[in-house]
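Enquirer: Predicted model follows, preceded by the sequence.
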Amino acid sequence: MNQARRQVLDSPAFKRMVVKQWTVSVVLTTALFAIYYGVIVLVAFDKPLLAQKVGGETTIGILLAVAVIVLAWMLTAVYVAWANSVHDPRVRDLKRQAG
């Protein structure tokens, strides 16, 4: 590995970028797990709540299941937007420094 690449990998900017990426990833993953397992806990412990009808034949359980899917898409969109606007420009800058 050449000297410039080693300097980039050892630089505080690279280390901050890696910590930030892990932080964003862990926060979004934790949010998704909390949402998903929250619904699973409701299925396990409060079936009557989930069986309540909303409108015609739709139940709260169906609405929550749809919400989990939509929220997963939204969390993915948040990550993609962050990566495109913040993370990727930092990566390009560090690549330029590495030569």
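Expert: All right, it came through fine.
Enquirer: ok, the residue most central in space within the chain - contacts?
Expert: Nearest to the mean C-alpha position of the chain, counting by C-alpha atoms, centre = their mean, stands residue 28 at 3.0 Å. Residue 28 is in contact with 75, 78-79, counting by C-beta atoms under 8 Å, 6 or more residues apart in numbering. The C-beta positions use only the backbone N, C-alpha and C, and glycine is treated the same way.
Enquirer: Tabulate these (a markdown table), appending pLDDT.
Expert: As requested, the contacts of residue 28 are exported to a markdown table (pLDDT from 0 to 100):
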| residue | pLDDT |
| --- | --- |
| 75 | 97 |
| 78 | 97 |
| 79 | 97 |
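Enquirer: Next step: those residues restricted to helices.
Expert: Among the contacts of residue 28, the members found in helices (DSSP state H) are 75, 78-79.
Enquirer: after the longest helix along the chain comes which helix or strand?
Expert: Determined from DSSP H, the single longest helix within the chain is helix 12-45. Counting by DSSP states H and E, the next helix or strand C-terminal to helix 12-45 is helix 47-51.
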